[in-house]
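Trainee: One predicted model, sequence on top.
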Amino acid sequence: MKKALFLMVALMAITACKNEKEQTVAESQELEGDFIFFEDVAVLKGNTFIYGVTINDKARELAEQTAQVKAEDYDMVSVKIKGKVHPKPEDEEGWEEIVTIEEILFVDDKPVKEDIRIE
């Protein structure tokens, strides 16, 4: 009887831990990349990633800060932010992963140099 009870408790503990891992919310992380913002779309592009950006108050604040640096509408500005990366909702279009900005850590004082310029 004790063995059956122990087995049942162990099984419940393992199942609970598995569910807990699946429900874990993305942790905040520092990200560096080039940021661009338009009316309703924002993107953060790093060396190894491209994320859509959740349009919230922090994203708008970052857009205002980068707008002061940009020479043209399509300029990107190097930034460092703290945020949470998560998959995009299935019913939405856009990048596969989205970052929600929680804190702005750094904004460069000049736009990113263009690789290619189309005129």
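Mentor: It's in. Predicted, not measured: the structure shown is a model, and the values here were computed from it.
Trainee: The chain: helices as residue ranges?
Mentor: For the chain, helices defined by DSSP state H occupy the ranges 2-22, 57-67.
Trainee: Confidence-wise, which of those helices is weakest overall?
Mentor: Out of the helices of the chain, helix 2-22 stands lowest, with a mean of 43 (criterion: mean pLDDT).
Trainee: Now do the buried residues in stretch 49-58.
Mentor: For stretch 49-58, burial by neighbour count (16 or more other CB atoms under 10 Å) applies to 51-55, 58. For glycine as for every other residue, the C-beta is placed from the backbone atoms N, C-alpha and C.
Trainee: any idea which residue sits dead centre in the chain?
Mentor: residue 99 (1.6 Å; CA atoms, centre = their mean).
Trainee: And it, what's its pLDDT?
Mentor: Per-residue pLDDT puts residue 99 at 97.
Trainee: repeat for residue 90
Mentor: Predicted confidence (pLDDT) for residue 90: 88.
Trainee: what number of residues lie near the closest residue to residue 112 other than its chain neighbours?
Mentor: Of all residues not flanking residue 112 in the chain, residue 76 sits nearest, at 4.6 Å (CB to CB, 6 or more residues apart in numbering). Applying other CB atoms under 10 Å, we find 20 other residues in the vicinity of residue 76.
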